[in-house]
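Make a model of this:
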Amino acid sequence: MAQQELIVIETLCSHYEIEVSFVDSLFSLGLIEIHTVEQTRFISEGKVADLEKMIRIHQELEVNPEGIDVIFNLLRKVDDLKSELAVAKNRLRRYELENQ
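Numbering: from 1, shown residues only. Below is the predicted model of the structure:
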């Protein structure tokens, strides 16, 4: 298994000019995963893109963490529906090819 790069939460908060409490609220809602090593809290590098999206939604649209949770749940549902539609289209194509 590849080793994940971890970034200190306080460093991210300083870079993006956000409060640590905002990250804590995202964590408490289950939107991000925080790793703790020797009392220092980290987020994996692979999840920073999601955190950036959440920060932009919060800052640019003034959406609170609970609203961000709703938005991300809806986006996940849209992705699931897209996947289901792709599967249905593939089945329909196979059926149409078999019945030609």
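
what's L31 in contact with, if anything?
Neighbour list for L31: 50, 54, 65, 68-69, 72 [criterion: CB atoms under 8 Å, 6 or more residues apart in numbering]. Bear in mind the C-beta positions are built from the backbone N, C-alpha and C, glycine included.

State the helix or strand in which it lies.
Following DSSP states H and E, there is no helix or strand that holds L31.

Would you map the strands across this structure?
Along the chain, counting by DSSP state E, strands occupy 6-8, 35-37, 40-44.

Can you point out the buried residues in the last one?
The neighbour-count check on strand 40-44 (16 or more other CB atoms under 10 Å) flags 41-43 as buried.

Please determine how far L51 is located from D69.
Distance from L51 to D69, counting by CB to CB, to the nearest Å: 14 Å.

and what of Y16?
Y16 is 19 Å from D69, by CB to CB.

Low-confidence ranges, the protein, go.
Applying pLDDT under 70 to the chain flags residues 1-3.

and the top helix by length along it, what other elements does it pack with?
If you go by DSSP state H, the chain has its longest helix at helix 65-98. Counting by 3 or more CB pairs under 8 Å, 6 or more residues apart in numbering; DSSP states H and E, the packing neighbours recorded for helix 65-98 are helix 20-28, helix 48-61.

Can you give the distance of that helix from its chain's centre?
17 Å (CA atoms, centre = their mean, to the nearest Å).

rewinding a little: pipe the helices and strands packed on helix 65-98 into a markdown table and attach distance to L97 and mean neighbour count per row.
What follows is those, written out as a markdown table (distance: least, CB to CB, whole Å; neighbours: other CB atoms under 10 Å):
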| stretch | distance to L97 | mean neighbour count |
| --- | --- | --- |
| helix 20-28 | 47 | 17 |
| helix 48-61 | 39 | 15 |
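
Of all these, which one is nearest Y95?
With CB to CB as the criterion, Y95 lies closest to helix 48-61 of these, at 37.5 Å.

which helices and strands sit right next to that closest one?
helix 9-16, helix 20-28, helix 65-98.

Ignoring the adjacent residues along the chain, who's closest to T36?
Distance criterion CB to CB, 6 or more residues apart in numbering; nearest residue to T36, sequence neighbours excluded, is F42 at 7.4 Å.
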